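Visitor: please work out how this folds:
(one chain, ligands or ions: 1)
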Amino acid sequence: MTALGQSAAGWWRSAAIYQVYIRSFADGNGDGVGDLAGIRARLDYLAELGIDAIWFTPWYPSPMDDGGYDVADFREIDPLFGTLAEAQDLIATAHAKGIRVIIDIVPNHCSDEHRWFQDALAAAPGSPERQRFWFRPGRGPDGSEPPNNWKSRFGGPAWTRVPDGEWYLHLYSSRQPDFNWDNQDIRADFEDVLRFWFDRGVDGFRIDVADGLVKDPRLPDADPGDETPFSDQEGLHEIYRSWRKIADSYPGDRVLVGEMWLPDMSRAARYLRRDELHAAFNFDFLVCPWDSTRFRDVIERTLLAHEEVDAPAAWVLSNHDVTRHVTRYGREGDTGFAFADRLHGTPVDLELGTRRARAAALLTLALPGGLYVYQGEELGLWEIEDLPDELRQDPVWTRTNGADPGRDGCRVPLPWSGDTPPFGFGTGGTWLPQPAEWRSSTAEAQAVDPASMLRLYRAGLRLREELPALGDGGLEWLSLGDGVLAFTREPGFTFVLNFSDTAVPLPPHHEVLLTSGPVDGGLPTDTAVWLRT
Ligand code: GLC
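Guide: Sure thing, here's the model as predicted:
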């Protein structure tokens, strides 16, 4: 198969991209942690699923304080995962199977074990080594108060004091010092890192904390919840313009995808102007509660904002930072990213959540633009909320003193086969325990069950590839009554999702292409259908 050679320019405008959280995907060497060898052995599974590209979460050397988002060296592979040679082989093998490769880049911060931060600690206040980060004297008579009132997004203050009395800024854990992007060394080094990986064949980068690199240099105090001094600063656009030039200087379509949680979608769209990023994740869609009006609103706003800059939308239901959507949709009311909104540990109806997740999958696959599939969502996995506390590894858990259990519950290693843990994940254990109930969720069990989530994703992804109406383009809304979300796409495609309490009749059609659940006569509650019209 040489799908890569055949693909039209702008593949990313409609791509289905599968997120591999490496630690939890597949373990090739039996140490209980996923790795590159494990991924290589499962590439055929991904090819059969029908995705266009893989996004690998960070694979760089890291003390793993934040699951690899604390990078010690941007030009190597962590020995836990494999070697640089294996990474290159993985990229080449994926390409040969028609799958593109996007990797994570983490430009906002590094690990405290990164050589530059070690150099900064060893150097004196005011030295060039310290200027690559945000070192500042403290406030108060003896400097024992942090330089400002910013909070870490993982809980606690965003500043940590070093023995000589200065403080350094970290928007995440204290082991993730923020780079100072006003410093030319940082800019030059990251441009070199982009080239390093483009030279090794990667098709693009997912940019971690893409909205946060540039800080207001005055480092002013901020009101609670106000992120303006360290998010969406105007200076970012110039950085991404220079990155875009690098991406465009390589053959093939190399892409830049931003992770940004901005409150205003039209602000986010400004990063998608022609000479900046190619795409950005749509998190408003991710947190949208199960309600037809709210979904229509977020889809409409997204399409409008993206149209203004002629960029494709990038739909996403789950990732390694949020409660898995089977669980979110199995709870009544709004559920969001903030801990208070996650309703952790409250009752959840997994059957309901699964039914809705199936309908949401068909919605996402039918919308104009590209989409992301987070590993395990195609198996219908749910959040594991009752992990033993002593096994939790997310720094959010420790930094909030156990108030927020963190994100480990969506990072439990995947079940591949068999009846007992580790369910074919590897030959050893698993770094987080899998529930016994995943016996019926394995890829092996689902492959032979026509009613499984896996078969739904496979069918949806295949049809999406075949039907000219799907992928990039536009949509027209259809009014089919209260609580019914429906639209058409040309040529000849209609989507209907029934959020209401009663079954609704199907609009006129030639053929039922795919449904998320049984449909006889009418479309039942929480069910979606694809029609040929
Ligand atoms: C992003 C990542 C998240 C990480 C954080 C800090 O939000 O998705 O997993 O903890 O950045 O790098």
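
Visitor: so how far is stretch 401-416 off the chain centroid?
Guide: Offset of stretch 401-416 from its chain centre (Cα atoms, centre = their mean, to the nearest Å): 15 Å.

Visitor: in the chain, what residue is nearest the ligand?
Guide: For the chain and the ligand, the shortest gap (Cβ to the nearest ligand atom) falls at Tyr69, measuring 3.4 Å. Where C-beta positions appear, they are placed from N, C-alpha and C, glycine not excepted.

Visitor: quick check, that residue in contact with Gln176.
Guide: Yes - between Tyr69 and Gln176 a contact is recorded at 7.1 Å, counting by Cβ atoms under 8 Å.

Visitor: count of neighbours near Ser452?
Guide: For Ser452, the neighbour count with other Cβ atoms under 10 Å is 20.

Visitor: again, but for Asn282
Guide: 28.

Visitor: next one: the one 10 residues further on
Guide: Residues lying near Ser292 (other Cβ under 10 Å) number 17.

Visitor: give the contact list for it.
Guide: Taking Cβ atoms under 8 Å, 6 or more residues apart in numbering as the criterion, Ser292 is in contact with Asp482, Gly483, Val484, Leu485, Leu497, Phe499, Ser500.

Visitor: now, the most widely separated pair of these?
Guide: Asp482 and Leu497 (13.1 Å; Cβ to Cβ).

Visitor: ok, those two, which is more surrounded?
Guide: Neighbour totals were compared for Asp482 and Leu497, and Leu497 leads with 24 against 10 (other Cβ under 10 Å).

Visitor: A strand includes that one, no?
Guide: Yes - secondary structure of Leu497 (DSSP: H, G, I helix; E, B strand; the rest coil): part of a strand.

Visitor: list the contacts for the nearest residue to Asn149 once chain neighbours are set aside?
Guide: Excluding the flanking residues, the one nearest Asn149 by Cβ to Cβ, 6 or more residues apart in numbering is Asp221, at 4.6 Å. Asp221 is in contact with Asn148, Asn149, Trp150, counting by Cβ under 8 Å, 6+ apart.

Visitor: my guess is the last one contacts Pro224. True?
Guide: No - under the criterion of Cβ under 8 Å, Trp150 is not in contact with Pro224, lying 10.4 Å apart.

Visitor: who has more neighbours, these two?
Guide: The residue with more neighbours, out of Trp150 and Pro224, is Trp150; 21 against 6, by other Cβ under 10 Å.

Visitor: neighbours around the closest residue to the more buried one other than its chain neighbours, how many?
Guide: Ranked by Cβ to Cβ, 6+ apart and with sequence neighbours excluded, the top spatial neighbour of Trp150 is Ala158, at 4.0 Å. Using other Cβ under 10 Å, Ala158 is surrounded by 24 other residues.

Visitor: quick one: the helices in the stretch 201-350 of the chain?
Guide: 236-248, 265-269, 283-286, 292-308, 325-329, 339-342, 350-366 (DSSP state H, counting those that start in this stretch).

Visitor: any idea which of those helices is most buried?
Guide: helix 325-329 (a mean of 27; mean count of other Cβ atoms under 10 Å).

Visitor: so what secondary structure elements neighbour that one?
Guide: Packing partners of helix 325-329 (3 or more Cβ pairs under 8 Å, 6 or more residues apart in numbering; DSSP states H and E): helix 350-366.

Visitor: taking helix 350-366 as reference, get the angle to the very next helix or strand once past the helix it packs on.
Guide: Using DSSP states H and E, the helix or strand that follows helix 350-366 in sequence is strand 370-374. In terms of direction (axes from the mean of the first three to the mean of the last three Cα atoms, to 10 degrees), strand 370-374 departs from helix 350-366 by 150 degrees.
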